[in-house]
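> okay, here's the prediction I keep looking at, along with the sequence it came from:
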Amino acid sequence: MNEEFTFTIKSIRFDEDYHPSDNTRITTNFANLARGESRRENLRNALKMIDNRFNALAHWDNPQADRYSVDLEIISVEFNVGVEGVNDSFPLIEILKTNIIDKKAEKRIDGIAGNNFSSYVRDYDFSVLLPDHNRKRPSFSVPDNFGGLHGKLFKHFVHSNAYKEKFKKAPVICLSASSSRTYRRTENQHPVLGVEYQQDQHSLTDQYFGKMGLRVRFFMPPDGVAPLAFYFSGDLPNDYNNLELIGTISTMETFQKIYRPEIYNANSTAGKFYQPSLQNRDYSLTQIVYDREERSRLAIEQGKFAHEHFIKPHQATLEQWFASYAL
């Protein structure tokens, strides 16, 4: 490892008073909610949805369904490239950290880090590099070492002292299932994660996260309508306790109901064979305003920002590090 490559971790509470900082990726899901005229109402409603879902899943010893609340931290990770005595930092990653407030026991419980995942370099890979690579090709293909640098940067972060000092367990990232894949329900069922689904083949996102050292399993939680994709490095059902898992499910399922209501707020439940579709018209809207088209457009701008301010100026240093870095 290059000792000059270090990380600085900063956190800010995600609540109804949250305002995105100037260097926050503005396509980040939670930042999008905190903008515009409806920002406070958006945040208040989203947080209430999270708490309600948490209490519905953590129903034991919770007769009034009000025992728990979820306190969220936005974790911003800066990557520090020390070159010739100059400390040049770049806002590499943003994730969420859940914390569970048990009001009956009057205690705060650590949740899981990860959840939502945002990365400037991933924006570059998917929104700039990949389209440029395929612009004049007769059929879709992936560039050599696609996601390789991003994967090693992420693994370097998770194995860093900065991460280990801040978080007790490995991250879990929770995303939407892919609309390009078909999922088959299995007989495996977990009391909190729900029914497991298996996909017909790995997606490009699965391969990308694989380079980050993460593999994927798909579960549809109790009373959910579609499976969620969980990316993790260890043993998902056994490395984390029920409350930790519920914190991730309640947070990320709420976000998906807002961002992909066609799938996660559908009026019908996934069957034995299931293919998610954003063309579905039988769904309900939440009372939360979200601009999905703006988010897609800004991802391109942020990918270009990553290329201009991180990849291009540090290309030689990053290539040397990439070639020598191994876990």
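Happy to help now that I have it. All values derive from a computational prediction rather than experimental measurement. Numbering: from 1, shown residues only.
> mind listing what's buried along the host helix or strand of E319?
Per DSSP states H and E, E319 falls inside helix 315-324. The neighbour-count check on helix 315-324 (16 or more other Cβ atoms under 10 Å) flags 317-318, 321 as buried. (Glycine included, C-beta is placed from N, CA and C.)
> same check on stretch 80-100?
So stretch 80-100, judged by 16+ other Cβ under 10 Å, has buried residues 81, 90-100.
> just those residues: which are in strands?
Under the assignment DSSP state E, those contribute 81, 90-100 to strands.
> from the residues you listed, which is closest to Q64?
Set against Q64, the nearest of these by Cβ to Cβ is I100 (16.9 Å).
> that closest one contacts L243, doesn't it?
Yes: between I100 and L243 there is a contact under Cβ atoms under 8 Å: 5.5 Å.
> CSV for the buried residues of helix 315-324, including pLDDT and distance to R181?
Listed next are those as CSV, based on pLDDT from 0 to 100; distance: Cβ to Cβ, whole Å:
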residue, pLDDT, distance to R181
T317, 89, 37
L318, 90, 32
W321, 89, 34
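> between these, which is nearest P261?
L318 (38.9 Å).
> low-confidence stretches in the protein?
Across the chain, the ranges flagged by pLDDT under 70 are 1-4, 17, 19-38, 82-87, 289-296, 327.
> again, only this time at 50
Filtered on pLDDT under 50, the chain yields the residue ranges 1-2, 24-27.
> of the buried residues of stretch 80-100, which is the nearest to T269?
If you rank the buried residues of stretch 80-100 by distance to T269 using Cβ to Cβ, T98 comes first, at 25.5 Å.
> from the buried residues of stretch 80-100, which is closest to E187?
Nearest to E187 out of the buried residues of stretch 80-100 is T98 (Cβ to Cβ; 29.4 Å).
> my read is I12 is in a strand, agree?
Yes: applying DSSP: H, G, I helix; E, B strand; the rest coil, one finds I12 inside a strand.
> give me the number of residues near the residue nearest to it when sequence neighbours are not counted?
Distances taken as Cβ to Cβ, 6 or more residues apart in numbering put I74 closest to I12, at 5.1 Å, once the chain neighbours are dropped. Per other Cβ atoms under 10 Å, the neighbour tally for I74 reads 22.
> same question, the one 4 residues further on
One way to gauge burial is a neighbour count; for E78, by other Cβ under 10 Å, it gives 16.
> give me phi/psi at it?
Backbone torsions of E78, given as degrees, to the nearest 10, read phi -100, psi 130.
> buried sites along stretch 134-150?
146-147, 149-150.
> could you dump the residues you listed into CSV and include distance to A326?
Listed next are the buried residues of stretch 134-150 as CSV, based on distance: Cβ to Cβ, whole Å:
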residue, distance to A326
F146, 19
G147, 16
L149, 14
H150, 16
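> can I get those in CSV including secondary structure and distance to K211?
Converted to CSV, these look like this (DSSP: H, G, I helix; E, B strand; the rest coil; distance: Cβ to Cβ, whole Å):
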residue, secondary structure, distance to K211
F146, coil, 8
G147, coil, 5
L149, helix, 9
H150, helix, 7
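> now do the strands in the stretch 101-250 of the chain.
Applying DSSP state E, counting those that start in this stretch to the stretch 101-250 of the chain gives strands spanning 107-119, 172-176, 183-190, 194-199, 215-220, 228-232.
> of all the ones you listed, which lies closest to F255?
For these, proximity to F255 was assessed by Cβ to Cβ; strand 107-119 is nearest, at 6.5 Å.
> in its sheet, what does that closest one sit against?
Strand pairing for strand 107-119, determined by DSSP bridges: strand 86-102 (antiparallel), strand 172-176 (parallel).
> could you give the angle of the longest one to helix 315-324?
Yep, that's strand 86-102 we're talking about. 60 degrees (axes from the mean of the first three to the mean of the last three Cα atoms, to 10 degrees).
> output strand 86-102 as CSV, nothing but the C-alphas.
Taking Å, rounded to 0.1, in the frame of the first residue of the first chain, the C-alpha atoms of strand 86-102 are listed here in CSV:
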residue,chain,number,x,y,z
VAL,A,86,1.4,18.4,-1.4
ASN,A,87,-1.7,17.0,0.2
ASP,A,88,-4.3,17.0,-2.6
SER,A,89,-7.7,15.6,-1.4
PHE,A,90,-10.7,14.6,-3.5
PRO,A,91,-14.3,13.8,-2.3
LEU,A,92,-14.2,10.1,-3.2
ILE,A,93,-17.2,8.4,-1.6
GLU,A,94,-20.4,9.1,0.3
ILE,A,95,-22.2,6.4,2.3
LEU,A,96,-24.9,6.3,5.0
LYS,A,97,-24.5,5.0,8.5
THR,A,98,-27.6,3.9,10.4
ASN,A,99,-27.9,4.2,14.2
ILE,A,100,-30.9,2.8,16.0
ILE,A,101,-32.5,4.6,18.9
ASP,A,102,-34.3,2.1,21.3
